[in-house]
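In: task: produce atomic coordinates for the following.
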Amino acid sequence: MKKTVYIFFTACLGALLSFIAHALIESLYLNWAESNDLTVAWHSLAGKSCALPPLLSISLLLAGVILGIWLGFTWWRLVYQQKKKGLFIKIKGN
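Out: Have a look, this model is predicted:
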């Protein structure tokens, strides 16, 4: 159960980071289009307008979730199976 919750939350983290990446990419695209006097085609996805193509928007979300799941499995293996406590500092216990 603990592993399932851990993986779920890292997938959520990946999804949230993909929204941030989406916003940055869209902002860069809109600035570039404005500086080059281009017309932006707006797309509707889930009731929201977006300047990026729907396939790219969905791909960014899926990539974030998949990378979040991969990161969760990797961290789970490092922290709970290999019992590594720190990445940079080795803590000497009693």
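In: where does pLDDT dip in this structure?
Out: 84-94 (pLDDT under 70).
In: which helix runs longest in it?
Out: Across the chain, the longest stretch assigned as helix under DSSP state H is helix 2-35.
In: may I have the strands that pair with the helix or strand following it, each with its orientation?
Out: Following helix 2-35 in sequence order, the next helix or strand is strand 43-45 (DSSP states H and E). When pairs are called by DSSP bridges, strand 43-45 turns out to pair with strand 48-50 (antiparallel).
In: contacts for the strand it pairs with, please.
Out: With CB atoms under 8 Å, 6 or more residues apart in numbering as the contact definition, strand 48-50 has outside contacts at 26, 42-44, 57. Just so you know, the C-beta spots here come from the backbone N, C-alpha and C atoms, and that holds for glycine as well.
In: same question, stretch 15-24
Out: The contact list for stretch 15-24 (CB under 8 Å, 6+ apart) reads 52, 57, 60-61, 63-65, 68.
In: next, the buried residues of it.
Out: 15, 17-18, 22 (16 or more other CB atoms under 10 Å).
In: tell me the one of those residues nearest residue 30?
Out: residue 22 (12.3 Å; CB to CB).
In: how far away is the closest one from residue 79?
Out: As judged by CB to CB, to the nearest Å, residue 22 and residue 79 stand 29 Å apart.
In: taking the contacts of strand 48-50 together, which two end up most distant?
Out: Farthest apart among the contacts of strand 48-50 - using CB to CB - are 26 and 44, which lie 14.2 Å from each other.
In: out of those two, which sits in the more crowded spot?
Out: residue 26 (17 against 9; other CB atoms under 10 Å).
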